[in-house]
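Undergrad: Kindly return the folded structure for what I paste below:
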Amino acid sequence: MLKNKSYIGISFIILVFGIYAVPKIVERIKNDKVVQGDRLDRVNPITANEDQLIKIGPAPKFELINQDNEKITNESYKGKVYVLEFFFSTCPTICPKMNQSMLLIEKKFFGNPNFGIVSITIDPEHDTAQVLKDHAKLLGVKSSNWNFLTGDKAYIFNLANKGFNLYAGENKKVVGGFEHSGLFALIDKNGNIRCRNDDFGNPILYYDGLDKKGVRNIQQDINILLKE
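TA: Numbering: from 1, shown residues only. Below is the predicted model of the structure:
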């Protein structure tokens, strides 16, 4: 008899739960909110702003001539956050895309005196100061803190390959005669190369200047460094 009463009690509890819960479950299914709850709604996605950027080490020192025939060194960017790339003005392959990516970055931070861009040619024999000045004008560059740099070819190749560890080379067999990386280096106000971690927790070192995600990531991380 006691056993039967227990079954009746359990059945009553299940019935009450069903009357209360089933309509709510049905309503959530109708509204496509099966996996959505108050606790889940309060979870904030992890953004770059919540992570401290990795410090890779000091950026290599450099001394070159810009499009206005002025000497520019790494010290010229002391106290500024800047993005650095290697390119050449007649590049028919990846440079046009890199140019557009860098223009997006320039536009994003235009007018900020604490931000700058450095574009170093790997074909200095062709890319004289005047050629680079014309190239900047052709691109529509507006920032006074965007320097296009030229100098000795061996010095520049050494700066790229051994200094920044960004590949640059001459190859007469390829279109344009030169090969180089499409990556952007991000340098902080103290002259250190900085970056974020990838999805596996490893430093990315440099940012992909050919990819929308890479450009978006570097813009986010520039903002972080500007606030430091």
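
Undergrad: Could you use CA atoms for every contact and neighbour count after this?
TA: Fine.

Undergrad: for residue 188, what are its contacts?
TA: Applying CA atoms under 8 Å, 6 or more residues apart in numbering, one finds that residue 188 lies in contact with 79-82, 194, 225.

Undergrad: And residue 172, by the same measure?
TA: The neighbours of residue 172, taking CA under 8 Å, 6+ apart as the test, are residue 178.

Undergrad: Please report the distance of it from residue 122.
TA: Here the criterion is CA to CA, to the nearest Å. By it, residue 172 lies 14 Å from residue 122.

Undergrad: and if you look at residue 169?
TA: From residue 169 to residue 122 the distance is 8 Å (CA to CA).

Undergrad: does the residue nearest to residue 82 when sequence neighbours are not counted sit in a helix or strand, and which one?
TA: Computed as CA to CA, 6 or more residues apart in numbering, the closest residue to residue 82 that is not its neighbour in sequence is residue 116, at 4.6 Å. Residue 116 belongs to strand 115-121 when assigned by DSSP states H and E.

Undergrad: Tell me the helix or strand right after that strand.
TA: As assigned by DSSP H and E, the chain's next helix or strand after strand 115-121 is helix 129-139.

Undergrad: Pull out the buried positions in that following helix.
TA: For helix 129-139, the buried set under the neighbour-count rule, 16 or more other CA atoms under 10 Å, comprises 129, 131-133, 135-136.

Undergrad: Pick out whichever of those sits closest to residue 111.
TA: residue 136 (17.2 Å; CA to CA).

Undergrad: Check the spacing between the closest one and residue 146 real quick.
TA: From residue 136 to residue 146 the distance is 9 Å (CA to CA).

Undergrad: shared neighbours, the two?
TA: Counting by CA under 8 Å, 6+ apart, no residue touches both residue 136 and residue 146.

Undergrad: hang on, the earlier thing: how many residues are close by the residue nearest to residue 82?
TA: 23 (other CA atoms under 10 Å).

Undergrad: got a list of what residue 151 touches?
TA: Contacts for residue 151 (CA under 8 Å, 6+ apart) come out as 64-65, 124.

Undergrad: Start and end of stretch 190-201, how far apart?
TA: 24 Å.

Undergrad: go on, stretch 187-201?
TA: End-to-end distance for stretch 187-201, by CA to CA: 20 Å.

Undergrad: any idea how far it is from the chain center?
TA: Put simply, stretch 187-201 sits 10 Å off its chain's centre (CA atoms, centre = their mean, to the nearest Å).

Undergrad: Can you give me the buried ones in it?
TA: Counting neighbours by 16+ other CA under 10 Å, one finds that the buried residues in stretch 187-201 are 187-189, 191-196.
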